[in-house]
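K.L.:
Quick one, what's the 3D model for this:
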Amino acid sequence: MANSPKDRRYSKEDEWVLAVDGEGTIGITDYAQEQLGDIVYFDLPEPGAQVRQFVKLGEVESMKAVSDLFSPVSGEVSEVNPQVADSPEVVNKDPYGAGWLLKIKLADPAELDNLLSAEDYDARLAEGEGH
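P.N.:
As a prediction, the model looks like this:
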């Protein structure tokens, strides 16, 4: 049974966002990194890029496949995690901590209401609705 951190919101595409003071930190869930296997590369937008909720923002490449990443919120990319560029496997080890991907200035904090709570996300996984 998944036990996702309760301080963030989740997309059905297995991304998370932790919103604090108008900024959202984005990453992929433990379930997502588990499904991907060994992650070898991320293709992420540069700071200053605009992203839109539920629209593709980049790609993650693992030993198994290349998968699209979707933004859980809209806004402007303010920072990309340099550790992920240098050592993408950090996401396999710590998807909710050191393995964050991007920071975004939230365009509309109300968009968080379109996302799942940790309880709802974990329930989806338990029902086998994951990807």
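
K.L.:
Name the residues of the helix ranked longest in the chain that come out as buried.
P.N.:
Longest helix in the chain by number of residues (criterion: DSSP state H): helix 118-126. Residues of helix 118-126 classed as buried by neighbour count (16 or more other C-beta atoms under 10 Å): 118, 121, 122, 124, 125. C-beta coordinates here come from the backbone N, C-alpha and C atoms, glycine included.

K.L.:
And stretch 12-26, by the same measure?
P.N.:
For stretch 12-26, the neighbour count (16+ other C-beta under 10 Å) marks 12, 13, 14, 15, 16, 17, 18, 19, 24, 25, 26 as buried.

K.L.:
which SS state does the fifth one fall under?
P.N.:
Three-state call for residue 16 (DSSP: H, G, I helix; E, B strand; the rest coil): strand.

K.L.:
what's the burial count for the closest residue to it other than its chain neighbours?
P.N.:
Taking C-beta to C-beta, 6 or more residues apart in numbering, and ignoring the residues beside it in sequence, residue 16 has residue 8 as its nearest neighbour in space, at 4.8 Å. Neighbourhood size, residue 8 [other C-beta atoms under 10 Å]: 24.
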